[in-house]
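Asker: no sequence for this one, just the structure:
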């Protein structure tokens, strides 16, 4: 007698799961591994036409990250000055050059990371976790 309720529940669960899977006929996107929210900047490779390195020092130029946006999105600094990003969002973010040559690594909530550029130029950048977040770094 106990088997009937278990069998009924199992069939209901199977039916519910199969209904969720049938949806629009397109496969669900594969799950991606979550990225750890570290406050330590990642090592950086030289940027095209120059280079940049990660820095843990407070920068002369500050960029806030809040409401999934860089503020200000466009910044200017001198060669050798540190640009520091401080994350006020609950989600981790990065500041990554569009060509991928330089990256802060994941910046956790209430953490900061910086980059120092050794060559003048204009460097478009974005957040690799949230690609709609964009900005431009101008080094003079």
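Answerer: Yep, it's here. What you are looking at is a predicted structure, and each value in this text was computed from that prediction instead of being measured.
Asker: what about the residue nearest to residue 98 when sequence neighbours are not counted, how many residues close to it?
Answerer: Among residues not flanking residue 98 along the chain, residue 124 sits closest, at 4.5 Å (CB to CB, 6 or more residues apart in numbering). (Each C-beta comes from the backbone N, C-alpha and C, glycine too.) Neighbourhood size, residue 124 [other CB atoms under 10 Å]: 12.
Asker: just residue 121 next, same as before
Answerer: By the criterion of other CB under 10 Å, residue 121 has 14 neighbours.
Asker: relative to residue 83, how far out is the residue nearest to residue 98?
Answerer: 14 Å (CB to CB, to the nearest Å).
Asker: I'd assumed residue 97 was in contact with the residue nearest to residue 98.
Answerer: Yes: Residue 124 is in contact with residue 97 according to CB atoms under 8 Å; the separation is 7.3 Å.
Asker: before we move on, the earlier item: list residues touching both of residue 124 and residue 83?
Answerer: residue 137 (CB atoms under 8 Å, 6 or more residues apart in numbering).
Asker: and the gap between residue 82 and residue 104?
Answerer: Using CB to CB, residue 82 is found at 11 Å from residue 104.
Asker: what is in contact with these two at once?
Answerer: 114, 115.
Asker: of these two, give the one with the bigger neighbour count.
Answerer: Comparing residue 82 with residue 104 by neighbour count (other CB under 10 Å), the higher total belongs to residue 104, at 28 against 19.
Asker: need the contact list for that one.
Answerer: By CB under 8 Å, 6+ apart, residue 104 lies in contact with 41, 42, 54, 85, 94, 95, 96, 113, 114, 115.
Asker: nearest to residue 135, of those residues?
Answerer: Proximity of the contacts of residue 104 to residue 135 (CB to CB) peaks at residue 95, which lies at 7.7 Å.
Asker: tell me the contacts of that closest one?
Answerer: 63, 70, 85, 103, 104, 107, 113, 115, 125, 127, 135.
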